[in-house]
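Novice: Take this sequence and fold it.
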Amino acid sequence: MKPSEVQRVGRVAAVVLAASAQMWREHNRFRIVWAARMVTTFLFLAPILLMSRAYGAEGFAASGGGRDFVTFAAVGLVVINAATRPMAATIHYLSNSNRVGILPALWTTPAPRWAMCLGASLAALADAVVEGAIIIALAFLFFGPSTQTVSVLAVVPLLFGLATFWGLGLVFGSVFLATRSWAADAIVSGLLLALAGTVFPITILPWSVRWLSYAFPHTYVLDALRHLVLGTPTIAPLAVDLAVAGGSALLAVLGGIVMFRRADRAAARRGVIGLYT
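Specialist: Next up, the predicted model:
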């Protein structure tokens with residue numbers, strides 16, 4: 001690698017780390033944030049306990065969710081949080097930078113724009129990992145540890161899911177550059193929670209809405225991940241699940257980079273970077 005290329009990689013890495021550290025400090029410097037994580041975890045686990053009692057092991061297993069309801073729901077909640085947080089972080093990073101008036105200065109950084117977004121996403125991912133660890137620890141404390149054996153292959157759909165939503169974050173971030181107002185992250189998170197099988201198998205949904213579940217790539221991410229962790233039956237062969245998840249990740253990342261670059265050039269040409277607050 002040439003010295004100039006090494007310097008460029010170093011600048012990109014420095015920007016990623018700086019953006020990540022900034023976002024982490026801004027969000028986690030208050031003790032109330034850590035207290036809220038515990039409260040939120042309890043609010044997640046309480047309905048899981050009630051639903052497990054309502055379903056019963058036999059009824060839930062018959063719907064394709066397996067016999068470990070708590071782990072089924074915990075996996076869904078942890079994974080959806082880890083996937084959608086980086087997506088939302090891109091939009092929030094641009095929004096907050098625009099609100100405080102530093103977005104134009106950030107745009108003069110001698111590094112790719114996506115590097116700043118990647119740094120913000122990594123900080124959000126670290127947040128999600130911390131919250132996921134709390135959820136799993138409390139779930140084990142309240143309901144007992146899971147006896148399932150986790151396959152090493154489970155990391156593959158997880159990485160596909162993370163890549164997909166980072167790419168979508170760039171897509172939505174590019175829209176923000178043009179509109180300065182965008183709530184797509186909340187909409188997408190809500191749809192995934194309701195339709196992608198986050199806390200229940202999609203087989204219990206009526207066909208009038210279930211067909212929408214098959215349109216979400218995250219449905220296949222969760223389907224493959226749960227099969228590899230819990231041994232639950234898949235809605236499609238495992239190879240198909242992984243192919244859909246991988247193809248979606250590739251399209252989301254490439255599409256996000258292309259759209260973000262185009263929006264960046266258009267916004268710079270029109271002189272609207274940081275114009276709206």
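Novice: Please, where are all the helices along the stretch 51-200 of the chain?
Specialist: Using DSSP state H, counting those that start in this stretch, the helices of the stretch 51-200 of the chain run over 69-100, 103-106, 113-143, 155-179, 184-195.
Novice: of the ones you listed, which approaches Arg262 most closely?
Specialist: Ranking the helices of the stretch 51-200 of the chain by their distance to Arg262 (criterion: CB to CB) puts helix 155-179 first, at 7.1 Å. Every residue, glycine included, has its C-beta placed from N, CA and C.
Novice: so what does the closest one touch, helix or strand wise?
Specialist: Counting contacts by 3 or more CB pairs under 8 Å, 6 or more residues apart in numbering; DSSP states H and E, helix 155-179 is packed against helix 69-100, helix 113-143, helix 184-195, helix 217-230, helix 238-270.
Novice: repeat that with 6 Å
Specialist: helix 69-100, helix 217-230, helix 238-270 (3 or more CB pairs under 6 Å, 6 or more residues apart in numbering; DSSP states H and E).
Novice: In this structure Phe160 contacts Ala245, no?
Specialist: Yes. Using CB atoms under 6 Å, Phe160 is in contact with Ala245, at 3.9 Å.
Novice: Give me the common contacts of those two.
Specialist: Val221 (CB atoms under 6 Å, 6 or more residues apart in numbering).
Novice: mind listing what Gly132 touches?
Specialist: Val78.
Novice: What strand or helix carries the spatially closest residue to Leu122 that is not a sequence neighbour?
Specialist: With sequence-adjacent residues excluded and distances taken as CB to CB, 6 or more residues apart in numbering, Leu122 is closest to Ser20, at 4.5 Å. In this structure, Ser20 sits in helix 3-28 according to DSSP states H and E.
Novice: Quick one: residues contacting the residue nearest the centre of the chain.
Specialist: For the chain, the residue nearest the mean C-alpha position is Ala83 (1.4 Å; CA atoms, centre = their mean). Counting by CB under 6 Å, 6+ apart, Ala83 makes contact with 161-162, 165.
Novice: By neighbours, which of the residues you listed wins?
Specialist: Of all those, the highest neighbour tally under other CB atoms under 10 Å goes to Phe165, namely 33 neighbours.
Novice: Check the gap between the nearest residue to it once chain neighbours are set aside and Met23 for me.
Specialist: The spatially closest residue to Phe165, leaving aside those adjacent along the chain, is Met87, at 4.0 Å (CB to CB, 6+ apart). Per CB to CB, to the nearest Å, Met87 is found 14 Å from Met23.
Novice: Perfect, that will be all.
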